[in-house]
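[1] Generate a structure from the sequence data that follows.
(2 chains)
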Number of protein chains: 2
Amino acid sequence: MPHTDVITDISGHNDVADRPARGGAVKGTILVTGTGFDAGRLKLLQARGYDVRQPSPLLTEEQLTRELKDVVAYLHGGEEYATRAALESAKATLKVVAFLGVGYETFVDVAAADDLKIVVTSTPGAARDSVATFTVAQILNANLRIFQQFGNRYPDWDSADELPYELSARNVGIVGMGVIGSRIAEMLRGAFDANVAYYSRSRKKRLERTLGMGFMDLPDLAEWSDILVVMVPGNASTTSMISDGVLGRARPGTILINTARPSVVDPAALYASMKADRVRLAVFDGFYGKDSEAAARLLRDFGGRMLVTGHVASHTRQAMDRMLDQAVASIENLLSGNADRYAVGAADRIPEP
Amino acid sequence: MPHTDVITDISGHNDVADRPARGGAVKGTILVTGTGFDAGRLKLLQARGYDVRQPSPLLTEEQLTRELKDVVAYLHGGEEYATRAALESAKATLKVVAFLGVGYETFVDVAAADDLKIVVTSTPGAARDSVATFTVAQILNANLRIFQQFGNRYPDWDSADELPYELSARNVGIVGMGVIGSRIAEMLRGAFDANVAYYSRSRKKRLERTLGMGFMDLPDLAEWSDILVVMVPGNASTTSMISDGVLGRARPGTILINTARPSVVDPAALYASMKADRVRLAVFDGFYGKDSEAAARLLRDFGGRMLVTGHVASHTRQAMDRMLDQAVASIENLLSGNADRYAVGAADRIPEP
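    Numbers count the residues shown, from 1 in each chain, chains lettered A, B, ... in the order given. Okay, the predicted model is just below:
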């Protein structure tokens, strides 16, 4: 039963009594958050006898806690953070949090879920091409400064010093060489002949050979790069990984592309490096919270040198369909008492995206 | 000797009497138009005894006529059109018009040059990677609608219908399969796995095999394409080639990418197809003249669905350096009485860019 007037029932019925007729007894309620996906793909869950509840986007902790009441599974596709308190309130019924995407640690308190015996799943791989393509598009945008050219009829530069460089004359450093990072490297090498090097927790010698790219320590990579691309998962071990020690090594004019979680870049370090023009342009997909003072200062003082989008890199129809289908399958598996290959936990080794 | 106060002498000397000392008698004056290139690369011409004159950008016919007085060679890197009258006025001295780029017919009256025995040269190939990369960047921008996402902290769509498609789920039709068109096809197939088909004056069977793409007649291609990319030279035979007959076949929501000359797309046909939403978004690099009523109507009624940049696709530093070096070499060749492989004429078979 809806708890607020913003809740919609995608079946088109608001009469709870009407439901069991279509699938026997209601087995439980599944909370689905987020926007922009094909609700038709949730019908499978309804056909199996579950109620599906989709509240409006952008839940506060309090709203989430209310929405989680009596829920057996929670398909997390929104921008909210599932806190320990919210999960705790639902522990009597909640068995699964199926996260849409890979960076679940930014959005779910996985340690709390572990403690509460709530299984968390993610959808690795489903958004690989979408995120890699979006990232390459932003590399091209930033490198060619296309966004500054919109609305002109004639070129707006006067000297050769202002001309952008071809990607084949650029060093691109990639931080993180998981499935997305390696796809980015493949595109940059294969299509644009960029010079690529990378840093990663572990060496990827096969990729180094097949793609023709080198490995460097993170600060060395920052110094070498004309364009520094960040693609690691957002979690405790990567928070502020792009620090003063890293950005302090960047050469003047460096472009920073962060299509991973904003938390990976220390905002104070970014501020200092933008002030010193070591970072000339910073690209984010998703930004620090609205209550972050460091973020407010960045936008106030260097807003014209920041290209911020709203965490949309993975939001293609194909990626959303794949993620949603994968999450629905995980929910079904786990609610049916089966194991699921996409289950993750705080103790798990976290793959790079 | 300068004719207007905007003329600058890149040697840093304003004293004409000072010049012969550095290279013997002055052999003649070379007019260089346009912005954004490395003037240092013109020193070769000065070392050979030529004066180099660089007026300010955006010359009218009258200004150009004045600037061409007593000039032996004219390096055309600007946005001006070299008319018959302007060339005629300089016929006593002018031997070469070296055009920076490939689309010389949009900027030089080649038939007039032929009549006046003035050789026109171009710089084919020099900007291939730059134009192809810029075009692919705009395909990604338009397809993912990235420019609409700037400044957001959260995704701004509500339904799956609004989500962009991955390029691998898109049909991309390329009009023109010269050196640039084929490079675009290579990038789209190799890096992004798009479905690609093309139309060209002549079949390219080897490319069809190696890239895995089909050939279609132009109207069929327009109907098949989710994204229609135009990459043919701007000349009399391609003016308004993208006509009502072509755009009338486009399916609702088609994206048109024209990084060739604007004249290739009939503005009235574009207006009609944008009004009918057959073309949802139109991308131009360089736009119709400011006195074009059709262009003004397009911007007035559909400006929010047009991404216009100012003819910058070829303007990377590397491409400009290559073009400039090639044009300087052509000028030297021809002024020394030699033939030049980059000479073109009105009667020449014009390669596709």
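[2] Return the distance of the residue nearest to A:Phe215 when sequence neighbours are not counted relative to chain B.
    Spatial nearest neighbour of A:Phe215, chain neighbours left out: A:Arg203 (5.6 Å); criterion: C-beta to C-beta, 6 or more residues apart in numbering or on different chains. Using the backbone N, CA and C atoms, a C-beta is placed for each residue, glycine as well. A:Arg203 sits 25 Å away from chain B, taking C-beta to the nearest C-beta, to the nearest Å as the criterion.
[3] So A:Arg203 sits against A:Met213, correct?
    No - with contact defined as C-beta atoms under 8 Å, A:Arg203 and A:Met213 do not form a contacting pair (11.5 Å).
[4] Give the buried residues for the helix or strand where A:Tyr271 lies.
    Using DSSP states H and E, A:Tyr271 falls within helix A:267-275. For helix A:267-275, the neighbour count (16 or more other C-beta atoms under 10 Å in any protein chain shown) marks A:267, A:269-271, A:273-274 as buried.
[5] I'd like to know which elements it is packed against.
    Contacts defined by 3 or more C-beta pairs under 8 Å, 6 or more residues apart in numbering or on different chains; DSSP states H and E place helix A:267-275 against helix A:244-247, strand A:279-285, helix A:293-302.
[6] Next, report how far the last one is displaced from the centre of its chain.
    In this case it means helix A:293-302. 22 Å (C-alpha atoms, centre = their mean, to the nearest Å).
[7] Same question for the shortest one.
    From the chain centre to the centre of helix A:244-247 is a distance of 23 Å (C-alpha atoms, centre = their mean).
[8] ok, residues contacting it?
    Helix A:244-247 has contacts (C-beta atoms under 8 Å, 6 or more residues apart in numbering or on different chains) with A:218-219, A:222, A:256, A:266, A:268-270, A:272-273, A:278-279.
[9] Buried residues, it. List them.
    By 16+ other C-beta under 10 Å, the buried positions in helix A:244-247 come out as A:246-247.
[10] any idea how far the helix or strand that it is followed by is from the chain center?
    Moving toward the C-terminus from helix A:244-247, the next helix or strand (DSSP H and E) is strand A:254-258. Taking C-alpha atoms, centre = their mean, the mean C-alpha location of strand A:254-258 is offset from the chain mean by 17 Å.
[11] and if you look at stretch A:76-89?
    For stretch A:76-89, the distance to the chain centre is 16 Å (C-alpha atoms, centre = their mean).
[12] That one and chain B in contact?
    Yes - applying C-beta under 8 Å from any C-beta of the partner chain, one finds stretch A:76-89 in contact with chain B at A:Glu79.
[13] mind listing what's buried in that stretch?
    Those would be A:76-82, A:86-89, for stretch A:76-89 by 16+ other C-beta under 10 Å.
[14] can you map out the helices along the stretch 1-150 of chain A?
    Taking DSSP state H, counting those that start in this stretch as the criterion, the stretch 1-150 of chain A contains helices spanning A:20-23, A:43-47, A:61-67, A:84-89, A:110-115, A:128-144.
[15] any weak-confidence spans in chain A?
    Applying pLDDT under 70 to chain A flags residues A:1-25, A:153-161, A:346-353.
[16] Within range of chain B, give me the residues from the stretch 201-350 of chain A.
    A:286-287, A:290, A:307-312, A:315-320.
[17] one more time with 10 Å, if that's ok
    A:262, A:284-290, A:295, A:299, A:303, A:306-322, A:324 (C-beta under 10 Å from any C-beta of the partner chain).
[18] Mind checking which of those residues are in strands?
    Counting by DSSP state E, these place A:284-285, A:306-309 in strands.
[19] ok, which pair from these is furthest apart?
    Farthest pair in these (C-beta to C-beta) is A:Asp285 and A:Met306. Separation: 11.7 Å.
[20] So between these two, which is more surrounded?
    A:Asp285 (26 against 20; other C-beta atoms under 10 Å in any protein chain shown).
[21] May I have the beta-bridge partners of the more buried one?
    Bridge pairing for A:Asp285 (DSSP bridges) gives the partners A:Thr309.
[22] What distance do you get for it to A:Gly34?
    Counting by C-beta to C-beta, to the nearest Å, the separation of A:Asp285 from A:Gly34 is 16 Å.
[23] Same check on A:Thr65?
    A:Thr65 is 18 Å from A:Gly34, by C-beta to C-beta.
[24] Among the two, which residue is more densely surrounded?
    Neighbour count, other C-beta under 10 Å: between A:Thr65 and A:Gly34, A:Gly34 has more, with 21 against 18.
[25] hey, C-alpha coordinates of stretch A:99-114 in CSV?
    Only the C-alpha atoms of stretch A:99-114 are listed here, as CSV (Å, rounded to 0.1, in the frame of the first residue of the first chain):
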residue,chain,number,x,y,z
PHE,A,99,22.0,-2.1,-7.1
LEU,A,100,21.7,-0.8,-10.7
GLY,A,101,25.3,-0.4,-11.8
VAL,A,102,28.8,-1.1,-10.3
GLY,A,103,29.6,1.7,-7.8
TYR,A,104,27.3,0.3,-5.1
GLU,A,105,29.5,1.4,-2.2
THR,A,106,28.7,5.0,-2.9
PHE,A,107,25.0,4.3,-2.6
VAL,A,108,24.6,1.4,-0.1
ASP,A,109,26.1,0.9,3.3
VAL,A,110,27.3,-2.6,2.4
ALA,A,111,28.8,-3.3,5.8
ALA,A,112,25.4,-2.6,7.4
ALA,A,113,23.7,-4.8,4.9
ASP,A,114,26.2,-7.6,5.7
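[26] right, is it up against chain B?
    No - remark: stretch A:99-114 sits outside contact range of chain B, by C-beta under 10 Å from any C-beta, the gap being at least 12.0 Å.
[27] picking that back up, shared neighbours of A:Arg203 and A:Met213, anything?
    A:Met177 (C-beta atoms under 10 Å, 6 or more residues apart in numbering or on different chains).
[28] Tell me, how many residues neighbour A:Asp291?
    Neighbour count for A:Asp291, taken as other C-beta under 10 Å: 7.
[29] what do you get for A:Ser336?
    Neighbour tally, A:Ser336, other C-beta under 10 Å: 9.
[30] longest helix anywhere in chain A?
    Scanning chain A for the helix with the most residues, using DSSP state H, yields helix A:317-335.
[31] List phi and psi for A:Lys204.
    Backbone torsions of A:Lys204, given as degrees, to the nearest 10, read phi -120, psi 80.
[32] I'd like the distance between it and B:Ala343.
    With the distance defined as C-beta to C-beta, A:Lys204 ends up 50 Å from B:Ala343.
[33] and what of A:Lys205?
    51 Å.
[34] give me phi/psi at the residue of the stretch 201-350 of chain A found nearest chain B?
    Nearest residue of the stretch 201-350 of chain A to chain B: A:Gly310, at 3.4 Å (C-beta to the nearest C-beta). Main-chain torsions, A:Gly310, degrees, to the nearest 10: phi -100, psi 60.
[35] Including distance to B:Ile227, could the ones in strands among the residues of the stretch 201-350 of chain A next to chain B go into TSV?
    Output for these, formatted as TSV (distance: C-beta to C-beta, whole Å):
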residue	distance to B:Ile227
A:Phe284	27
A:Asp285	22
A:Met306	28
A:Leu307	23
A:Val308	26
A:Thr309	21
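[36] returning to what we had before: between the helix holding A:Tyr271 and strand A:254-258, what angle do the directions make?
    150 degrees (axes from the mean of the first three to the mean of the last three C-alpha atoms, to 10 degrees).
[37] what's in contact with helix A:267-275?
    So helix A:267-275 is contacted by A:222, A:240, A:242-250, A:252, A:254, A:256, A:258, A:262, A:265-266, A:278-282, A:284, A:287-288, A:292-298, A:301-302, A:305-306 (C-beta under 10 Å, 6+ apart).
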